[in-house]
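[1] Pasted the sequence and its predicted model underneath.
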Amino acid sequence: PAAEPDPAVEAALRDGTLISITRRHGSVLVGREIVDCLLPSRMAATQQTDISVGDRVRWWEKEDGSRWIHSVLPRTTFLARPDPHYAHLQRVIAANIDVVVNVVSVKFPPLRPRLIDRYLIAIMQGGAQPLICVNKADLLEGDELREELACLDAYSEFGVDAILCSTKTGQGIDELMERLRGRCSVFVGHSGVGKSTILQAIVAREKNTGIDVAMIKTGAISEAHGTGTHTTRLAALYDLGGGTSIIDTPGIREFGLWALDVETLKSYFPEFDELAVDCKFNDCSHTHEPDCAVKDAVEAEEMSEARFDTYLRLMEELQEQGK
């Protein structure tokens with residue numbers, strides 16, 4: 001049975017936002033002050049599942065001066081994926097976010113639509129809004145740039161915007177900041193796309209944030225392998241003031257999906273909805289059935305072949321996993 005709440009502890013509880021977390025410690029933002037708190041063993045065992053960066057937490061100070069996180073308040077939104085080593089565990093990347101900014105880049109590393117597709121599914125599951133940020137726009141120009149970005153047209157058709165940025169020229173940084181102002185956002189994406197560098201550029205433009213730009217780590221790209229170095233090891237929330245905060249996260253190379261099965265997969269591809277009405281079978285999976293309006297649209301180049309290819313690959317994965 002659960003222990004009875006201690007009235008003295010309940011009276012001493014204060015609220016704050018978790019801005020970073022390690023195995024046994026959590027940094028909590030209270031107003032403009034950062035309070036270092038310990039995690040009870042029950043939370044330490046489930047950190048990044050039951051407690052994650054962005055969570056609203058309650059904490060208290062003991063008589064010995066130590067500060068402890070007491071509980072986590074209910075989340076409004078989240079971004080999560082399965083643990084890469086233990087697929088039965090859900091890992092929450094960030095909580096209570098308004099916008100998930102999927103940062104991609106051109107050339108180094110190359111733009112990968114399949115990873116965007118996976119993030120979009122996870123964003124839809126967690127309830128936040130998606131936004132694509134294409135970094136390193138200065139590396140290409142003219143027809144070459146247009147060709148590289150052509151794959152993003154499919155996302156604009158169902159309301160997912162893309163902002164073109166360059167931290168070298170400053171292109172798009174102000175536009176991106178205005179989209180994030182007054183909201184809590186999280187930067188996610190492949191290793192080496194420049195998430196931390198974009199955050200640095202934003203912080204440098206804002207006044208009175210109290211954030212040392214030099215403390216936001218960045219790393220160089222390895223052109224030989226087309227990948228970046230993992231410079232952000234842990235997710236961290238940066239409070240820019242005025243209700244604006246940005247969570248920076250470690251780069252990833254693969255992104256698994258949580259609680260997905262063959263029956264629900266279709267619902268995460270909204271461009272299928274209108275077309276599916278004309279499929280011969282009401283329960284058409286859009287894979288092997290005859291007279292499939294979705295497949296016909298792909299063949300007629302009326303729908304993104306890359307998006308459909310992602311759908312087929314995910315369907316194959318789920319079937320192999322018996323989901």
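    Structure received.
[2] can you give me the helices in the stretch 51-200 of the chain?
    113-126, 142-149, 153-156, 173-180, 195-205 (DSSP state H, counting those that start in this stretch).
[3] among those, which is nearest A94?
    helix 113-126 (8.9 Å; CB to CB). Just so you know, the C-beta spots here come from the backbone N, C-alpha and C atoms, and that holds for glycine as well.
[4] by contact count, what packs against the closest one?
    The contact analysis (3 or more CB pairs under 8 Å, 6 or more residues apart in numbering; DSSP states H and E) places helix 113-126 against strand 78-82, strand 99-105, strand 129-135, helix 153-156, strand 184-189, helix 305-320.
[5] what's the most buried one of the ones you listed?
    strand 184-189 (a mean of 26; mean count of other CB atoms under 10 Å).
[6] partner strands of it, parallel or antiparallel?
    Strand 184-189 pairs in its sheet with strand 99-105 (parallel), strand 244-248 (parallel), by DSSP bridges.
[7] quick check: angle from that strand to strand 129-135?
    Here strand 184-189 runs at an angle of 50 degrees relative to strand 129-135 (axes from the mean of the first three to the mean of the last three CA atoms, to 10 degrees).
[8] Return the distance of strand 184-189 from the chain's centre.
    Put simply, strand 184-189 sits 5 Å off its chain's centre (CA atoms, centre = their mean, to the nearest Å).
[9] re the thing from before, dump the strands paired with strand 184-189 to a markdown table, plus distance to A154 and mean pLDDT.
    As requested, the strands paired with strand 184-189 are arranged in a markdown table below (distance: least, CB to CB, whole Å; pLDDT from 0 to 100):
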| stretch | distance to A154 | mean pLDDT |
| --- | --- | --- |
| strand 99-105 | 14 | 97 |
| strand 244-248 | 27 | 95 |
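[10] who are the neighbours in contact with T76?
    Residues near T76 by CB atoms under 8 Å, 6 or more residues apart in numbering: N96, G127.
[11] Now it: phi and psi?
    Backbone torsions of T76, given as degrees, to the nearest 10, read phi -100, psi -40.
[12] which residues of this structure score low on pLDDT?
    Applying pLDDT under 70 to the chain flags residues 1-5, 217-233.
[13] picking up where we left off before, any chance of the strands paired with strand 184-189 in a markdown table, with distance to G127 too?
    Below are those laid out as a markdown table (distance: least, CB to CB, whole Å):
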| stretch | distance to G127 |
| --- | --- |
| strand 99-105 | 10 |
| strand 244-248 | 16 |
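[14] related to what we said a few turns ago, so which of the helices and strands packed on helix 113-126 comes closest to I211?
    Of those, nearest to I211 by CB to CB is strand 184-189, at 14.6 Å.
[15] okay, the angle between the closest one and helix 173-180?
    Angle, strand 184-189 to helix 173-180, by the same axes, to 10 degrees: 130 degrees.
[16] For stretch 143-161, output the C-alpha coordinates as PDB.
    Extracted as PDB, the C-alpha positions of stretch 143-161 are listed here (Å, rounded to 0.1, in the frame of the first residue of the first chain):
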ATOM      1  CA  ASP A 143      18.800  24.200 -59.200                       C
ATOM      2  CA  GLU A 144      21.000  22.100 -57.000                       C
ATOM      3  CA  LEU A 145      19.300  23.400 -53.800                       C
ATOM      4  CA  ARG A 146      15.800  23.200 -55.300                       C
ATOM      5  CA  GLU A 147      16.500  19.600 -56.300                       C
ATOM      6  CA  GLU A 148      17.700  18.800 -52.800                       C
ATOM      7  CA  LEU A 149      14.600  20.300 -51.200                       C
ATOM      8  CA  ALA A 150      12.000  18.900 -53.600                       C
ATOM      9  CA  CYS A 151      11.300  16.000 -51.200                       C
ATOM     10  CA  LEU A 152       9.900  18.400 -48.700                       C
ATOM     11  CA  ASP A 153       7.000  19.400 -50.900                       C
ATOM     12  CA  ALA A 154       5.100  16.400 -49.700                       C
ATOM     13  CA  TYR A 155       5.100  17.700 -46.100                       C
ATOM     14  CA  SER A 156       3.800  21.100 -47.000                       C
ATOM     15  CA  GLU A 157       0.700  19.500 -48.600                       C
ATOM     16  CA  PHE A 158      -0.500  18.400 -45.200                       C
ATOM     17  CA  GLY A 159       0.500  21.500 -43.200                       C
ATOM     18  CA  VAL A 160       4.100  20.800 -42.100                       C
ATOM     19  CA  ASP A 161       6.200  23.900 -42.900                       C
END
